[in-house]
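Peer 1: everything below, folded, please.
(one chain, ligands or ions: 1)
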Amino acid sequence: MTPLAARLAARIAADGPMRGADYMAVCLLDPEHGYYATREPFGQAGDFVTAPEISQMFGEVLGLALAQAWAEQGAPARVVLAELGPGRGTLMADMLRAVRALPAFAAAIEVHLVEASARLRAQQADRLQGHAPTWHDSVDSLPEAPLFLVANEFFDALPVRQFLRHPNGWCERMVGLQGGRLAWGLSPPAPLQALDHRLADTVPGEVVELCPAAPGILQAVAERIVRHGGAALVIDYGGWRSRGDTLQALHRGAPDDPLAHPGEADLTAHVDFEPLASAARAAGAAAAGPVGQGLLLRRLGIDARAARLAQSLTGAALEAHRAAHRRLTEPGEMGTLFQALAIHPPAQAPPPGFDP
Ligand code: SAH
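Peer 2: Reported below is the predicted structural model:
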C-alpha cells in the first residue's frame, strides 16, 4: 500500500465511501503524497510525454497564432499571456521565444501562470527567467485585461465524477473499502438535474462523466475575454459529450488500475468539450472547434516550420525531428485524439486555425 492508500482507507473507514472526483483530487494534489507534488511526470523518463515536450514547434505555432489574434484585435498595449497547468514551462517558453519576432506583442505581454504544484512552480520559474511570471492558485485572480490563454493537458487532470445510468436515475461511482482495500462501489440511484440532458442520449447501464470544476474555469476565462478581448486555446484529448468510463491511470509509464497506486500514478480522464463550450457561451463568448490537433497545427504552418528546422539537422537528430512532427500531427498519433477548442469575443473572428 502506498502511504496515500493507507490514509485514504482510514478516511473511508471513518467517513464512508468517497466520490471518484474527491479520490482523484487527493491522488493528484495532496501536498505531501500527491502525484504532482512528488513525481516528475514529464519527459522521456516520466509517465507521459506532452506535446510541448515532444517538439518546440508546438509552442511556436500556438504563440504565433495568439500573436495574430492580438494583431487582429487592434494590438492592445497591455495584455495577459496566461497558461493553465504549465508543467515544466516548456510551452510558455517556446511561445515567448517565437513571439520575439513580433516586438510589439512581446512588449505588451505580462505572463501569468495558474499552477497548483509548488514543485512545478519552481521549475517554471527557472524556465521562464527574465519574464517575471505571476502565479495564481486559480483563474479567478487573473488580471482584468485582454487575455490570451493556453491550456494543454490541463483539463484532463481535473477530477471527474462518474455516473452509471439506472432505470431510477443515476448511481455515482464511489471509492469504498472491500477487505481493507480500496474498491469501487455505487451510490443508490437518484435523479440528477445536471445530467437531465443526458437522458435522451444514454440508456441504463451506460456511464457518463462530469468534471465539476471545468465550467467555472471556462466561465472566468470567457468573462475576461468578453470584457477585454483576447482568445483562449484549450487542447486536450477527449471529445464532444462524454461517454463511458475514461478514467485512466499511468504508473511508471504503463497503464494501471486507478485504485492500485494512489499518489504514485497519474490519473486523467478524457475532456468533454461540450460543457466547456457551453460555459464559455453562457458567459457571452464565442466558442470555435473542436478541431483536431493535427489539422490545427497544419493550418498554423507546422509543416513549413518543420521543413525549416530540418534544414539544420542531420542523422539521428533529423530522424527524431521528423518523428516528433509525425507524432504531433498524424491521425494514428496525437493528430486526432487531441482536439482544440477556441474561445473568442463574439464580435471577432475565431483565432487562426479555427476558421470554419
Ligand atoms: N501543460 C503542461 C503540463 C500538463 S500536466 C504540458 O503540456 O506539458 C497538468 C498540469 O496542470 C501540471 O502542471 C499540474 O501541476 C497542473 N494542475 C493540475 N491540476 C491543477 C489544478 N487544479 N490547478 C492548477 N494546476 C493544476
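Peer 1: tell me the SS of Gln219?
Peer 2: Judged by DSSP: H, G, I helix; E, B strand; the rest coil, the three-state class of Gln219 is helix.
Peer 1: look up how far Gln73 lies from it.
Peer 2: Distance, Gln219 to Gln73, by Cβ to Cβ, to the nearest Å: 21 Å. C-beta coordinates here come from the backbone N, C-alpha and C atoms, glycine included.
Peer 1: Arg181 now?
Peer 2: 54 Å.
Peer 1: who has more neighbours, these two?
Peer 2: Set side by side, Arg181 and Gln73 show more neighbours around Gln73, with 21 against 12, by other Cβ atoms under 10 Å.
Peer 1: where does the chain come near the ligand, residue by residue?
Peer 2: 36, 42, 50, 52-53, 85-87, 91, 114-117, 120, 152-154, 157 (Cβ under 6 Å from any ligand atom).
Peer 1: test my guess that Pro331 contacts Gly294.
Peer 2: Yes: the pair Pro331 / Gly294 is scored as a contact, 6.4 Å apart, by Cβ atoms under 8 Å.
Peer 1: tell me which of the two has more neighbours.
Peer 2: Gly294 (20 against 11).
Peer 1: other SSEs contacting the helix or strand harbouring the more buried one?
Peer 2: Under the criterion of DSSP states H and E, Gly294 resides in helix 293-299. Judged by 3 or more Cβ pairs under 8 Å, 6 or more residues apart in numbering; DSSP states H and E, the packing partners of helix 293-299 are helix 56-72, helix 315-329, strand 338-344.
Peer 1: find the nearest non-adjacent residue to Ala324, please.
Peer 2: What sits nearest to Ala324 in space, not counting adjacent residues and going by Cβ to Cβ, 6 or more residues apart in numbering, is Ser55, at 4.0 Å.
Peer 1: which ones are touching the residue most central in space within the chain?
Peer 2: Centroid check for the chain by Cα atoms, centre = their mean gives Phe154 as the closest residue, at 2.2 Å. For Phe154, the contact set (Cβ atoms under 8 Å, 6 or more residues apart in numbering) comprises Leu84, Gly85, Val234, Asp236.
Peer 1: now Glu330
Peer 2: With Cβ under 8 Å, 6+ apart, Glu330 has these contacts: Gly294.
Peer 1: distance-wise, check it relative to the ligand.
Peer 2: 19 Å (Cβ to the nearest ligand atom, to the nearest Å).
Peer 1: pLDDT value on that residue, please?
Peer 2: Per-residue pLDDT puts Glu330 at 95.
Peer 1: and what of Gln44?
Peer 2: For Gln44, the predicted pLDDT is 60.
Peer 1: for the one 4 residues further on, same thing?
Peer 2: If you check Phe48, the pLDDT there is 73.
Peer 1: wait, is it part of a helix?
Peer 2: No: under three-state DSSP, Phe48 falls outside any helix and is assigned coil.
Peer 1: test my guess that it contacts Leu267.
Peer 2: No: counting by Cβ under 8 Å, Phe48 does not reach Leu267; the two are 11.6 Å apart.
Peer 1: which of the two has more residues huddled nearby?
Peer 2: Leu267 (26 against 13).
Peer 1: in the stretch 201-350 of the chain, which residue sits closest to the ligand?
Peer 2: Proximity of the stretch 201-350 of the chain to the ligand (Cβ to the nearest ligand atom) peaks at Ala213, 6.8 Å away.
Peer 1: and the residue nearest to that residue when sequence neighbours are not counted, how close does it get to Leu84?
Peer 2: Closest residue in space to Ala213, ignoring its immediate chain neighbours: Leu158 at 5.0 Å, by Cβ to Cβ, 6+ apart. As judged by Cβ to Cβ, Leu158 and Leu84 stand 10 Å apart.
Peer 1: circling back to that earlier point, run a quick neighbour tally on the residue of the stretch 201-350 of the chain closest to the ligand.
Peer 2: If we define neighbours as other Cβ under 10 Å, then Ala213 has 14 of them.
Peer 1: what's it sitting at in phi/psi?
Peer 2: phi -80, psi -20 (degrees, to the nearest 10).
Peer 1: this completes my enquiry, with thanks.
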